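Enquirer: please find the sequence and the predicted model below.
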Amino acid sequence: MKNINFDTTGSVTATLVFTNQIVPDVYSFFAQAGEQIRLETSDTSVDTTIRVVGPDASIDLFDDDGGGFPLSRLVFTAADAGGYVAVVSSFSGNPGGGTYTLNFARGPAARQAVSEVSEDAERGKLMSEIENQVEVKAGT
């Protein structure tokens with residue numbers, strides 16, 4: 001598991017490896033309750049997916065092409081303080097794997113980045129101002 005340790009924004013470039021089975025990349029990060037978080041992929045040679053699981057595992061968010069095919073994007077407000085796990089994988093386990101960049105932002109930087117991306121001239125308006133407004137715990 002790789003730790004995302006950014007105060008506000010950052011990115012990491014990685015390679016998804018597929019042989020006979022899917023080997024997703026797993027990242028961990030800490031969030032405060034009420035904190036805005038954005039995770040998105042860019043510069044990818046593979047159709048990525050992102051799943052985020054919250055501190056008590058009852059929070060489970062997923063995105064495939066929220067950033068426009070083949071990019072993934074999750075923007076959410078953390079319901080609980082604690083450790084979160086983000087899993088980056090390939091849609092349908094596309095064989096061969098490929099490289100991607102995972103971009104991370106928190107707080108006002110997450111909201112600002114969404115506004116900038118959503119107005120991107122090349123990709124158009126891809127989502128509402130804040131797509132996944134508040135994470136919801138399962139069973140509530």
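Expert: Right, received. Where do you want to start? Numbering: from 1, shown residues only.
Enquirer: okay, CA-based contacts and neighbour counts for the rest of this
Expert: Fine.
Enquirer: around residue 75, how many other residues sit close by?
Expert: 26 (other C-alpha atoms under 10 Å).
Enquirer: hmm, it is touching residue 50, no?
Expert: No. Using C-alpha atoms under 8 Å, residue 75 is not in contact with residue 50; the gap is 11.0 Å.
Enquirer: find the residues that touch each one of the two.
Expert: Counting by C-alpha atoms under 8 Å, 6 or more residues apart in numbering, the shared contacts of residue 75 and residue 50 are residue 39.
Enquirer: tell me which residue lies nearest the centroid of this protein.
Expert: residue 39 (3.1 Å; C-alpha atoms, centre = their mean).
Enquirer: ok, what's across the strand from it?
Expert: Per DSSP bridges, the residues bridged to residue 39 are residue 74, residue 104.
Enquirer: list the contacts of it.
Expert: By C-alpha under 8 Å, 6+ apart, the contact set of residue 39 is 50, 73, 74, 75, 102, 103, 104, 105.
Enquirer: make JSON lines out of those and add pLDDT and distance to residue 28.
Expert: Formatted as JSON lines, the contacts of residue 39 follow (pLDDT from 0 to 100; distance: C-alpha to C-alpha, whole Å):
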{"residue": "50", "pLDDT": "94", "distance to residue 28": "13"}
{"residue": "73", "pLDDT": "94", "distance to residue 28": "16"}
{"residue": "74", "pLDDT": "94", "distance to residue 28": "15"}
{"residue": "75", "pLDDT": "93", "distance to residue 28": "16"}
{"residue": "102", "pLDDT": "93", "distance to residue 28": "12"}
{"residue": "103", "pLDDT": "93", "distance to residue 28": "13"}
{"residue": "104", "pLDDT": "92", "distance to residue 28": "11"}
{"residue": "105", "pLDDT": "93", "distance to residue 28": "14"}
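Enquirer: pLDDT weak spots in the protein?
Expert: Judged by pLDDT under 70, the chain has its weakly predicted residues at 6, 20, 93-96, 113-140.
Enquirer: helices of that one, start to end?
Expert: Secondary structure of the chain, counting by DSSP state H: helices at 108-118.
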